[in-house]
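Peer 1: Okay, sequence plus prediction incoming.
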Amino acid sequence: MRIIVEEWERVLAYRDGRFTEVLAPGRHRRARRRQRFVRVTVRPRLLVVPGQEVLTADGLTVKVSLFATCRTVDPRRWHEAVEDADAFVYAAL
């Protein structure tokens, strides 16, 4: 099987459910037998938390919006740590 990995992504290779390697950008040829490949985007992303009203210590309400940029440094940890990593970061904000 031929796999082309773009510059902004990495491909994780798993054989029989175990991690084997990270494929860097470029062309790769791998046997498909008993292997699974997962594409992970590593380019920066913008996460937006829409406006929410927050109560201050003196009882006033303030409307707050959040913007955060995140970039995947370790694609294996990003894929294996939680089920939906983007939703996890959104909830943490």
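Peer 2: Great, that's in hand. Treat the numbers as computed from the prediction; the structure is a model and nothing was measured.

Peer 1: Quick one: the helices in this structure, in order.
Peer 2: Using DSSP state H, the helices of the chain run over 75-81, 85-92.

Peer 1: so where is the chain shaky, pLDDT-wise?
Peer 2: Residues of the chain that meet the criterion pLDDT under 70 are absent altogether.

Peer 1: again, only using 90
Peer 2: Residues of the chain that meet the criterion pLDDT under 90 lie in 1, 30-33, 47-57, 59, 65-66, 70-72, 81-93.

Peer 1: mind listing the strands in it by residue range?
Peer 2: Under the criterion DSSP state E, the chain carries strands at the ranges 2-5, 9-15, 18-23, 26-29, 35-41, 45-55, 61-70.

Peer 1: now, of these, which is deepest in the fold?
Peer 2: Across the strands of the chain, averaging neighbours per residue (mean count of other Cβ atoms under 10 Å) puts strand 9-15 on top, at a mean of 17. Any C-beta I mention is one placed from the backbone N, CA and C, and that applies to glycine too.

Peer 1: mind listing what that strand pairs with, with the direction of each?
Peer 2: The partner list of strand 9-15 in its sheet, established with DSSP bridges, is strand 18-23 (antiparallel), strand 35-41 (antiparallel).

Peer 1: so which of the ones you listed comes closest to residue 51?
Peer 2: For the strands paired with strand 9-15, proximity to residue 51 was assessed by Cβ to Cβ; strand 35-41 is nearest, at 27.1 Å.

Peer 1: Show residues contacting the closest one.
Peer 2: When contacts are taken as Cβ atoms under 8 Å, 6 or more residues apart in numbering, the neighbours of strand 35-41 outside the stretch itself are 3, 5, 8-15, 20, 23, 30, 72, 75, 78-79.
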